[in-house]
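*Asks:* With the input below, show me the fold.
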Amino acid sequence: QVQLVESGGGLVQPGGSLRLSCAVSGVKLDYYAVSWFRQAPGKEREGVSCIRGDDGTPLYADSVKGRFTIARDNAKNTVYLQMNNLKPEDTAVYYCNAEIYRSSWSMYWGQGTQVTVSS
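*Replies:* The predicted structure is shown next:
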């Protein structure tokens, strides 16, 4: 059974940093892309960042470029999202996501972790 579990969220002041983790079990992550999404209250879920499975190329939404860094540790089956210079508009529930092949392709989501940026 494939599971994604996010952790690392919390309350931080503007300008602060947090590192989110997405730990995956039930499948080896090595060649799968993993993405981070977020959803703020009253808004649609939006893509934040993605890391490719084949070569580890990162992609970022314009709103987080230069502030967020995505990385993967295949040995730990974990993907990280380092978030620096956080802004109040980064406040949201953050989800990790992966499309995994297990006899067919299926989309898997974690339960989410809350990030609140406030003074």
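
*Asks:* CA atoms of stretch 74-85 as CSV?
*Replies:* This file holds the C-alpha atoms of stretch 74-85, laid out as CSV (Å, rounded to 0.1, in the frame of the first residue of the first chain):
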residue,chain,number,x,y,z
ASN,A,74,16.0,8.3,-2.6
ALA,A,75,17.8,6.4,0.0
LYS,A,76,15.3,7.7,2.6
ASN,A,77,12.4,7.6,0.1
THR,A,78,11.7,11.2,1.1
VAL,A,79,11.2,14.5,-0.7
TYR,A,80,11.8,17.8,1.0
LEU,A,81,10.6,21.3,0.5
GLN,A,82,12.8,23.9,2.0
MET,A,83,10.9,27.2,2.4
ASN,A,84,12.8,30.4,3.1
ASN,A,85,11.8,34.0,3.4
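
*Asks:* got the buried residues for the lengthiest strand in the chain?
*Replies:* Using DSSP state E to define each element, the chain has its longest strand at strand 92-101. For strand 92-101, a neighbour-count test (16 or more other Cβ atoms under 10 Å) marks 92-98, 100 as buried. Heads up, the C-betas are built off the backbone N, CA and C, glycines and all.

*Asks:* For the residues you listed, could you give me JSON lines that also reports pLDDT and distance to residue 53?
*Replies:* Listed next are the buried residues of strand 92-101 as JSON lines, based on pLDDT from 0 to 100; distance: Cβ to Cβ, whole Å:
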{"residue": "92", "pLDDT": "98", "distance to residue 53": "25"}
{"residue": "93", "pLDDT": "98", "distance to residue 53": "24"}
{"residue": "94", "pLDDT": "98", "distance to residue 53": "20"}
{"residue": "95", "pLDDT": "98", "distance to residue 53": "18"}
{"residue": "96", "pLDDT": "97", "distance to residue 53": "14"}
{"residue": "97", "pLDDT": "96", "distance to residue 53": "13"}
{"residue": "98", "pLDDT": "95", "distance to residue 53": "9"}
{"residue": "100", "pLDDT": "91", "distance to residue 53": "10"}
